[in-house]
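# Attaching a predicted model along with its sequence, questions to come.
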Amino acid sequence: MAGTILEYKCPSCGGAIEFDSSSQKMKCPYCDCEFDVEALKFHDEELSRPAQEDNMHWDTQAGSEWSQGETDNMAVFTCNSCGGEIVSDENTGATSCPYCGNPVVMTGRFSGALKPDYVIPFKLDKQAAKDGLNNHLKGKTLLPKIFKSQNHIDEIKGVYVPFWLFDADSSGSVRYKCTRLRHWSDRNYDYTETSFFSVLREGNVGFQRVPVDGSSQMPDDLMESIEPFDFNEAVDFQTAYLAGYLADKYDVTAEQSIDRANTRIKISTEDTFASTIDPTYATKTVEQSNISLSNSKAKYALYPVWLLNTTYKDKHYLFAMNGQTGKFVGDLPLDKGAYWKWRMIFTAILAAVGFGIFWLFKFLG
């Protein structure tokens, strides 16, 4: 019969720990951390628990079929540059892509897509989007001054962005590695003692309407940054809400969005469990996570987003504003000259403070 090698790893440095007879504890020969044998019994039980496999099947019957004649007044515009497909009413003769700013052309009637279950109507208008950009520029010390005066908004478009909304119940256990720090000093050295703890959390968390955008043209981080949307203001979808706005035609299906939904739900579950841990711990990191999902289903909705395109030094910048709450996000250019100037000033201040502390201690010593 073949033998089995059992090795314990130090939670601090990852080295192999051994039983130390003198202290009657498990000890790491690399960082000198010590652990009670009884505590490792709990550790063994956790390690022996097999990771739960995700065998969940999502109910992705989101959306519904369009009624006869309901899409007769809807047209599709396709961007020749980025490939984005935008839905508008029949009165839109020409427009430009809200993602890359290039002209788009009408290609045909809207068809071959599901009808949304819900829509959150726009609450903020185009002027609010302009004001949002101006407020976004305020107080940015490292923003090039010329950007504020010379940049122009190439395009402002109100777009209904497709979202898949996922419901699920999560359950499982998460083990965290937590630390506590103790600092002290003598005349020669500064000391830091780090204590390590293994903390287990188990439970169930229910999630409703976790959003995943269904457009490949829309950056996921941009959409997540303008969350949350208040679903209490959602209404059953009607085409009348599209009047005067564009609607992005989804090109990522609910099935293709499942992995991202699962990831968001599992991370949120870990964060929820972590929020119950004693806040006096200096750090807490996930060591092992076993989370399974059940009772899952998805719905299809359109959420209101203002997209602003602007150009500076031939570089394209895309901004987004939540059309319901006004939350505004977007990257800005950096004035490299101002950056190095402020960095030199900050370094000089730190050097002066350090020099003063040095002479103070020397005088007191």
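Everything's here; your move.

# Give the pairing partners of whatever helix or strand residue 247 lives in; include direction for each.
If you go by DSSP states H and E, residue 247 is part of strand 246-248. For strand 246-248, the paired strands and their directions (DSSP bridges) read strand 85-89 (antiparallel), strand 152-185 (parallel).

# Which one of those strands lies nearest to residue 301?
strand 152-185 (5.2 Å; CB to CB). Yep, even glycine has a C-beta here, placed from its N, CA and C like the rest.

# in its sheet, what does the following helix or strand past that closest one sit against?
Helices and strands here follow DSSP H and E; after strand 152-185, the next one along the chain is strand 190-213. Using DSSP bridges, the strands paired with strand 190-213 are strand 152-185 (antiparallel).

# tell me the most buried of the strands paired with strand 246-248?
strand 85-89 (a mean of 22; mean count of other CB atoms under 10 Å).

# any idea of the mean pLDDT in it?
Summarised as a single mean, pLDDT over strand 85-89 is 65.

# cool, and stretch 124-143?
pLDDT averaged over stretch 124-143 gives 82.

# again with stretch 33-42
Mean predicted confidence for stretch 33-42 is 65.

# Show me the shaky parts of the protein.
Applying pLDDT under 70 to the chain flags residues 1-9, 11-15, 17-24, 35, 37-61, 63-75, 77-113, 140-152, 332-365.

# what's the span of stretch 212-228 from first residue to last?
12 Å (CA to CA, to the nearest Å).

# Begin at 146 from now on, thanks
Fine by me, first position is 146 from now on; the one you just mentioned is stretch 357-373.

# If you count neighbours, what's buried in it?
Judged by neighbour count using 16 or more other CB atoms under 10 Å, the buried positions of stretch 357-373 are 357, 358, 359, 360, 362, 363, 367, 368, 371.

# Can you tell me which of those residues lies closest to residue 441?
Comparing these against residue 441 with CB to CB places residue 357 closest, at 12.8 Å.

# Run a quick check on the closest one versus residue 306, I expect a contact.
No - look at residue 357 against residue 306 with CB atoms under 8 Å: they stay out of range, at 11.1 Å.

# can you list the domain ranges for this protein.
If you go by automatic domain parsing, the domain ranges for the chain are 152-193, 219-314+347-479, 480-510.

# quick one: contacts for the spatially closest residue to residue 351 that is not a sequence neighbour?
Spatial nearest neighbour of residue 351, chain neighbours left out: residue 314 (5.1 Å); criterion: CB to CB, 6 or more residues apart in numbering. Counting by CB atoms under 8 Å, 6 or more residues apart in numbering, residue 314 makes contact with 349, 350, 351, 352, 438, 439, 440, 441.

# Which one (most neighbours) among these?
Neighbour counts for these (other CB atoms under 10 Å) peak at residue 438, which has 23 neighbours.

# Assign it to helix, strand or coil.
Three-state call for residue 438 (DSSP: H, G, I helix; E, B strand; the rest coil): strand.

# Could I get the full set of helices for the stretch 346-495 of the chain?
Using DSSP state H, counting those that start in this stretch, the helices of the stretch 346-495 of the chain run over 365-370, 403-419, 481-509.

# roughly how far apart are residue 363 and residue 474?
Shown here: residue 363 relative to residue 474, a distance of 12 Å by CB to CB, to the nearest Å.
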